[in-house]
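Enquirer: Please find the sequence and the predicted model below.
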Amino acid sequence: MEPGPAALTVGTPERESADQRWCERVTVVFRNTGGTAVRSGTVTFGTHIIGALGIDWATIESVEELPVPIAAGAERTKTWTVCVDAWRVPLGMHIETRDVAVEWK
């Protein structure tokens, strides 16, 4: 019997402040519950720009390489520094990387 395909689940992003208000460190846990290894792929972050009154002004996407390989049944944790252009985050505003999507092979 041949093993099933890779099945990757993504944990909730854990955020912490970085040195500039337009950057933050984002840690994500990936779990492969499938039968074969994940060998390549990308992670897309959706970073929200939040105004002083809590208004979500924009969402900026950035793409990083998936931390591969992730063997069948394995878990991998990775931390990225996610930044947007400094001019997008004036004084009094901040960012929140809330969205994480993955594509893999």
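Expert: On my side now, so go ahead.
Enquirer: shaky segments in the protein?
Expert: Low-confidence segments of the chain (pLDDT under 70): 1-2.
Enquirer: Show the contacting residues for V82.
Expert: For V82, the contact set (Cβ atoms under 8 Å, 6 or more residues apart in numbering) comprises 23-26, 45, 47, 62, 95, 97. In this view, the C-beta of every residue, glycine as well, is placed from N, C-alpha and C.
Enquirer: element containing it?
Expert: strand 75-83 (DSSP states H and E).
Enquirer: ok, then the element right after that strand?
Expert: Strand 75-83 is succeeded, C-terminally, by strand 94-104 (DSSP H and E).
Enquirer: Could I get the buried residue list for that following strand?
Expert: Buried residues in strand 94-104, counting neighbours by 16 or more other Cβ atoms under 10 Å, are found at 95-98, 100, 104.
Enquirer: Put the alpha carbons of it into CSV.
Expert: Extracted in CSV, the C-alpha atoms of strand 94-104 (Å, rounded to 0.1, in the frame of the first residue of the first chain):
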residue,chain,number,x,y,z
HIS,A,94,1.3,49.3,14.2
ILE,A,95,1.2,46.0,12.4
GLU,A,96,-0.4,42.7,13.2
THR,A,97,0.5,39.6,11.1
ARG,A,98,-2.8,37.6,11.5
ASP,A,99,-3.1,35.6,8.4
VAL,A,100,-1.0,32.7,7.3
ALA,A,101,-1.6,30.6,4.2
VAL,A,102,0.6,27.8,2.8
GLU,A,103,1.0,26.0,-0.6
TRP,A,104,3.2,22.9,-0.7
